[in-house]
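Trainee: have a look at this fold, sequence not included:
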């Protein structure tokens with residue numbers, strides 16, 4: 001779905017636990033100065049803690065945690081509820097996030113060719129005349 005003015009997000013659900021894992025990408029940066037000001041999981045008004053972990057930021061707040069990576073004018077965030085998804089899973093997902101190459105895009109996106117149309121059988125069309133639906137309402141109608 002749309003995120004901010006130009007970003008996007010996607011959420012995956014674990015069918016067994018119903019845990020949600022969210023990937024979000026938007027323009028901007030995250031630095032030591034701006035990290036605490038940016039809410040975790042878009043939960044405004046909550047206290048955010050930031051810890052540098054390699055090239056990423058591990059962030060917590062409002063019962064959620066996330067990894068955020070600032071690269072080439074955009075920020076990639078992978079977040080979840082703290083008790084639902086382990087920190088190492090978030091870190092691995094954030095570090096593995098990348099732009100898909102052509103082969104990955106072909107597998108991910110639907111075909112550009114429209115599916116062939118299947119005729120719809122309508123029960124309200126008479127088998128005679130001009131084929132217009134019978135909209136007769138009867139007496140008093």
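Mentor: Received the coordinates, thanks. The structure displayed is predicted, hence computed values, not measured ones. Numbering: from 1, shown residues only.

Trainee: determine the longest helix present in the protein.
Mentor: helix 87-96 (DSSP state H).

Trainee: quick one: mean pLDDT for the next helix or strand after it?
Mentor: Downstream of helix 87-96, the first helix or strand assigned by DSSP states H and E is helix 102-108. The average pLDDT for helix 102-108 rounds to 88.

Trainee: and stretch 20-36, by the same measure?
Mentor: Mean predicted confidence for stretch 20-36 is 92.

Trainee: stretch 67-85 too?
Mentor: For stretch 67-85, the per-residue pLDDT averages 93.

Trainee: do the same with stretch 56-64
Mentor: Across stretch 56-64, pLDDT averages out at 94.

Trainee: what's next to that stretch, contact-wise?
Mentor: If you take CB atoms under 8 Å, 6 or more residues apart in numbering as the criterion, stretch 56-64 is touched by 30, 35, 38-41, 43, 46-52, 65-70, 79-83, 87, 91, 94-95. Yep, even glycine has a C-beta here, placed from its N, CA and C like the rest.

Trainee: how far does it sit from its chain's centre?
Mentor: Averaged C-alpha coordinates place stretch 56-64 at 19 Å from its chain's average position (CA atoms, centre = their mean, to the nearest Å).

Trainee: in it, what's buried?
Mentor: Judged by neighbour count using 16 or more other CB atoms under 10 Å, the buried positions of stretch 56-64 are 56, 57, 58, 59, 60, 61, 62, 64.

Trainee: now do the same for the fourth one: helix, strand or coil?
Mentor: Looking back up the chat, that one is residue 59. Under DSSP: H, G, I helix; E, B strand; the rest coil, residue 59 falls in the strand class.

Trainee: coming back round to it: in TSV, list the buried residues of stretch 56-64 along with distance to residue 116.
Mentor: As requested, those are exported to TSV (distance: CB to CB, whole Å):
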residue	distance to residue 116
56	46
57	48
58	49
59	48
60	50
61	50
62	48
64	45
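
Trainee: farthest-separated two in these?
Mentor: 56 and 62 (19.4 Å; CB to CB).
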